[in-house]
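A.B. asks: 3D, please:
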Amino acid sequence: MSINQFDAIDTLFLTLSIALLTTNLIYRLMAKFNRPIVLGGILSGIVINYLHIPKGYFNIDTCAGLGQLGIVLFMMLVGNQLNYKNLFKRKLHTPLLILNMLIPFVLGFICTGYLLKHDYSPYTQITGIYSSPNTVFYSHDGNFSNIPFELILQIFIGLAVSMTAFPIVSIFLSNANLTNSIVGRIAILCSFVDEIIFWIILGIVLLSVQKDTIITSFKPVDIVFYLIFIIYIAPKLSNLIIRQIKNETAMMAYLIIGCCISSALSDAVNLHPIFGGFLFGLILPKNNPTIESVRKHLTSMVSITLLPIYFVQTGIVANIHISLDFTTMFLVIIFTLIAFLGKSGGAFITGRILGLNNSNSILLGSLLNMRGIIEVVLLNIGLDAKIINEKMYTVLVGMTILCTFIGTLISLRLTKLSKNTSKTDTIELNELKE
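C.D. replies: Residues are numbered from 1 along each chain as shown. Model (predicted):
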């Protein structure tokens with residue numbers, strides 16, 4: 001009697017089983033922290049990475065597509081729940097949206113410049129920079145260009161300490177039932193604008209060093225056409241299709257297919273697929289009973305099976321190598337303080353200007369300190385382009401995990417206070433409902 005060989009299908013199912021089992025065990029261990037899905041999944045990925053399970057039994061690449069599908073579908077569900085129109089009626093201007101990113105960016109830029117200018121040797125060694133009498137130039141494979149490497153590094157570090165993980169913020173708010181609260185809507189819009197600005201600046205940096213093939217093929221005209229289509233044409237086409245749908249099965253099929261098409265188009269114009277999913281959700285009708293019913297089923301399925309895979313992948317991709325030497329730990333603390341306090345300060349000012357109380361302004365700051373796989377993608381790009389080395393990569397990954405951990409814990413604490421708002425806040429929330 002012959003026995004089937006251990007093949008890719010076996011690896012897929014074993015990988016899913018190990019990832020989901022590990023994640024659920026860590027969720028149970030973190031029960032006192034309300035089992036935050038973000039931290040649970042990332043910690044699961046880090047644990048699995050250190051177990052060194054043979055690839056025949058665990059290979060995250062075999063189900064990476066499921067994780068991407070999960071985050072894209074979830075962003076569609078978040079977009080469908082978000083009532084953004086009334087926020088702009090409250091005079092929510094773009095300069096306020098980017099304030100939370102601008103302050104930590106400037107602090108990271110200045111701090112890096114200061115350490116380099118004063119030749120803080122542990123820092124120049126850990127970043128792979130060696131000072132010269134004149135200036136430091138970007139070097140790749142031994143070929144020097146006329147681009148000051150100091151400037152490139154300062155911009156890169158500024159991006160690393162100032163970004164917010166748009167999908168993670170959305171997931172937290174959805175789980176806390178705060179997506180349609182005032183602070184939730186502001187947080188989602190701030191993180192959405194932050195990521196768009198982040199990709200634009202990163203694109204300019206990578207284009208300047210001529211390293212990333214995606215950025216060198218960057219086509220802004222295609223992005224404009226995509227946005228015109230998704231904002232002005234797709235809603236009318238979508239409403240026409242939805243009017244013909246009479247049952248939940250057909251509606252679920254339409255939502256999944258439409259979300260995938262929008263994400264594919266977004267990726268085709270070099271925007272992240274999560275933007276495609278989110279924008280597709282935004283254009284869907286808000287008060288359609290069939291969509292609301294399907295959304296509940298999709299939310300359960302995505303949260304239980306697909307999202308854990310996405311966050312396990314994040315933890316594995318981070319591939320953090322813990323180093324206890326003084327310089328590394330010192331720099332982790334310094335950049336965590338810059339990132340967390342800078343982000344919190346900018347968000348607090350934004351919240352107060354928009355009329356939030358102190359508690360909700362602090363909550364906004366803690367929400368915007370959540371970082372995730374987009375941050376890891378940035379760090380991997382920097383490592384690949386030799387803007388940072390492995391030691392600096394470890395420093396920034398450590399900063400990412402600490403900011404996410406602290407931000408999540410503070411947010412969990414403050415969401416309880418947010419749900420017990422004053423009568424004034426309750427009136428404002430009711431006025432925002434359509």
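A.B. asks: residue closest to the middle of the protein?
C.D. replies: Centroid-nearest residue in the chain, with Cα atoms, centre = their mean: Ala165, separated by 2.3 Å.
A.B. asks: state the distance from that one to Ala8.
C.D. replies: Separation of Ala165 from Ala8 (Cβ to Cβ, to the nearest Å) stands at 31 Å. Heads up, the C-betas are built off the backbone N, CA and C, glycines and all.
A.B. asks: now swap in Leu341 and tell me
C.D. replies: Leu341 is 47 Å from Ala8, by Cβ to Cβ.
A.B. asks: just His272 next, same as before
C.D. replies: 27 Å.
A.B. asks: between these two, which one's more packed in?
C.D. replies: His272 (21 against 10; other Cβ atoms under 10 Å).
A.B. asks: just give the nearest non-adjacent residue to Arg352, would you?
C.D. replies: Closest residue to Arg352 apart from its sequence neighbours, by Cβ to Cβ, 6 or more residues apart in numbering: Ser361 at 5.3 Å.
A.B. asks: just give me the neighbour total for the one you found.
C.D. replies: Ser361 has 22 neighbouring residues, counting by other Cβ under 10 Å.
A.B. asks: do Ala268 as well
C.D. replies: Neighbours of Ala268 (other Cβ under 10 Å): 13.
A.B. asks: likewise for Lys55?
C.D. replies: By other Cβ under 10 Å, the residues close to Lys55 number 11.
A.B. asks: Ile242 now?
C.D. replies: For Ile242, the count of nearby residues is 18 (other Cβ under 10 Å).
A.B. asks: which residues touch it?
C.D. replies: Neighbouring residues of Ile242 by Cβ atoms under 8 Å, 6 or more residues apart in numbering: 251, 254, 284-285, 288, 291.
A.B. asks: could you do Thr112 as well?
C.D. replies: Shown in contact with Thr112 (Cβ under 8 Å, 6+ apart): 153-154, 157-158.
A.B. asks: and if we set it to 10 Å?
C.D. replies: Contact analysis of Thr112 by Cβ atoms under 10 Å, 6 or more residues apart in numbering lists 123, 127, 129, 150-151, 153-158, 160-161, 335, 338.
A.B. asks: now do stretch 275-292: distance from first to last residue.
C.D. replies: 21 Å (Cα to Cα, to the nearest Å).
A.B. asks: tell me the least confident of the contacts of Thr112?
C.D. replies: Sorting those by pLDDT puts Ile129 at the bottom of the list (49).
A.B. asks: which residues in the stretch 201-350 of the chain form strands?
C.D. replies: Applying DSSP state E, counting those that start in this stretch to the stretch 201-350 of the chain gives no strands.
A.B. asks: tell me where it has helices.
C.D. replies: Here the stretch 201-350 of the chain has its helices, by DSSP state H, counting those that start in this stretch, at 213-216, 220-228, 234-243, 248-268, 273-283, 289-301, 307-318, 326-353.
A.B. asks: show the average pLDDT along the first one.
C.D. replies: The reference is to helix 213-216. Averaging pLDDT along helix 213-216 gives 46.
A.B. asks: what of the third one?
C.D. replies: Along helix 234-243, the predicted confidence averages to a pLDDT of 90.
A.B. asks: work out the gap between that helix and the centre of the chain.
C.D. replies: Here helix 234-243 is found 29 Å from its chain centre; the criterion is Cα atoms, centre = their mean, to the nearest Å.
A.B. asks: can I get it in PDB, CA atoms only?
C.D. replies: The C-alpha coordinates for helix 234-243 follow below in PDB (Å, rounded to 0.1, in the frame of the first residue of the first chain):
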ATOM      1  CA  ALA A 234     -17.500  53.100  -9.800                       C
ATOM      2  CA  PRO A 235     -20.200  54.300  -7.300                       C
ATOM      3  CA  LYS A 236     -22.800  54.700 -10.100                       C
ATOM      4  CA  LEU A 237     -21.900  51.300 -11.600                       C
ATOM      5  CA  SER A 238     -21.900  49.700  -8.200                       C
ATOM      6  CA  ASN A 239     -25.300  51.000  -7.300                       C
ATOM      7  CA  LEU A 240     -26.700  49.800 -10.600                       C
ATOM      8  CA  ILE A 241     -25.400  46.300  -9.800                       C
ATOM      9  CA  ILE A 242     -26.600  46.300  -6.200                       C
ATOM     10  CA  ARG A 243     -30.100  47.200  -7.200                       C
END
